[in-house]
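>>> Any chance you can model this:
(2 chains)
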Amino acid sequence: MRAADQQEYDWYFRACFAPVSRTVFLIVRDRDRAEDITQEALYRLLRHWRTVSTYERPEAWVRRVAIRIAVREVQRAAARPEKERLAQQVSYDELPDPDVARAVAELAPMQRAAVVLYYWEDRPVHEIAELLCVSDSTVKQHLHRARHRLAVALGEEVGDVRR
Amino acid sequence: MSVDERLRRGLEANATSFHPRGEVRLDRLRRRHRRRRAVAVAALTVVLGSGVSAAWFVAVGGDDGAGGPGRGVEPAAPVPTTPTPSATPSATPGATPGATVPDADWRRTVTRSEARALGVGADFLRDNFGDADRLPLVLSLDGAFYSQSGRYPGGWSVGDRGTVSYDARGRLVLTSTGFGCSGCTVAVAWRIVGGDLRLEDPDGALAAEERLMVVGSWSRQEQ
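Model prediction:
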């Protein structure tokens, strides 16, 4: 890698690491795993640098890769036996809003990812669909079910969706 | 409160409370690099200064004593590595000469109503806010570089990036190297108030869009 490329990559690493880690953290609920996944995505950026650096927004590519890895991780974790999952209990009490964290964690993996991408990343439905490799209507269904479930868990009203 | 608003607030609070250790390591690394750079620059200055002094001393005849020590020292004065802002301190309220904005991620949220009050155009609002009423922004300063990220209609992404410098008045000068406006500069007075970074445009030189995206109070997000 040339020095200029190295500098450019370093810049993307610095720009992406924290924001991508935060989105992944909301999906996987585990700080260490969130950082590992982000590093993995940034490592893939390095491996595919020659191609990805020509894209208009390489940081969007990194985010997409990280989110896909995170969703796969959550799906794998959900498929693990109950005892194994109980052994890896996560504490939410140190978070500013533990109720929201707990309620979102109770959602199915795809619902959780859709909720994080919609409410935290403010992504439109069609982008979420592309990221999660499902149809728009599937995303709408995930969001609809998740909102009703979360409204009950959080004791809030189900308002009108603006988008 | 609707469940949508609760989720937006809760997820934002939880996400921003997470400070990745990798980022802390990166910050430490940057500080180490800056210290090393400062030591190297100081050493280089001393070496160059000594060399120039010696050359000048030989050139003028070091043993005649006519020049005196003052003439021998003058050429060795170190070239300042940063501009020395001292001309008009009143225009840069909190900036002391040679001071720089601390490296950190600085966060603020601008709202659609603020944008309207500033007279920001409809195209800019559509591109940057989409349907949202507010736009969270993060200004990351890292030595000689900056980046500005925002939660734009397509989600969090980097909106601008470039280099950081300081002009003769000590103002923070951001020069974009991004695709949108490469070479564009924004110069703002700055000061730290209660840990927050205040960016100001006392001369009213900035366009409404620049004022919206830059001028205001930024809270330190990291560390």
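>>> for chain A, longest helix please?
Longest helix of chain A, by residue count under DSSP state H: helix A:3-28.
>>> Show me what the helix or strand just after it is packed against.
Counting by DSSP states H and E, the next helix or strand C-terminal to helix A:3-28 is helix A:31-47. Under the contact definition 3 or more Cβ pairs under 8 Å, 6 or more residues apart in numbering or on different chains; DSSP states H and E, helix A:31-47 sits against helix A:3-28, helix A:58-79, helix B:21-60. Glycine gets a C-beta too; all of them are placed from N, C-alpha and C.
>>> Would you mark the buried spots in the shortest one?
Spelled out, that is helix A:58-79. Neighbour counts over helix A:58-79 (16 or more other Cβ atoms under 10 Å in any protein chain shown) mark A:58-63, A:65-71, A:73-74, A:77 as buried.
>>> Quick one: low-confidence residue ranges for the chain.
This is for chain A. A:1, A:81-90, A:159-163 (pLDDT under 70).
>>> wrong one, chain B
Ranges of chain B meeting pLDDT under 70: B:22-97, B:154, B:179-180, B:222-223.
>>> how about the strands in it?
Ranges of strands in chain B, per DSSP state E, are B:104-111, B:134-142, B:145-152, B:155-166, B:172-176, B:185-193, B:196-200, B:216-220.
>>> Would the longest one count as contacting chain A?
Yes: using Cβ under 8 Å from any Cβ of the partner chain as the criterion, contacts between strand B:155-166 and chain A involve B:155-158, B:161.
>>> okay, the strands of chain B in TSV with mean neighbour count next?
As requested, those are arranged in TSV below (neighbours: other Cβ atoms under 10 Å in any protein chain shown):
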stretch	mean neighbour count
strand B:104-111	19
strand B:134-142	21
strand B:145-152	21
strand B:155-166	20
strand B:172-176	19
strand B:185-193	17
strand B:196-200	19
strand B:216-220	16
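>>> Report the two of the buried residues of helix A:58-79 separated the most.
Distance extremes for the buried residues of helix A:58-79: the farthest pair is A:Pro58 and A:Ala77 at 28.7 Å, using Cβ to Cβ.
>>> about what we covered before: among the residues of strand B:155-166 next to chain A, which one lies nearest to chain A?
In terms of Cβ to the nearest Cβ, no member of the residues of strand B:155-166 next to chain A lies closer to chain A than B:Gly155, at 3.9 Å.
>>> which residues touch that closest one?
B:Gly155 is in contact with A:63, A:117, A:121-123, A:127, counting by Cβ atoms under 8 Å, 6 or more residues apart in numbering or on different chains.
>>> Select, from those, the two members most distant in space.
By the measure Cβ to Cβ, A:Arg63 and A:Asp122 form the most distant pair in the contacts of B:Gly155, at 12.9 Å.
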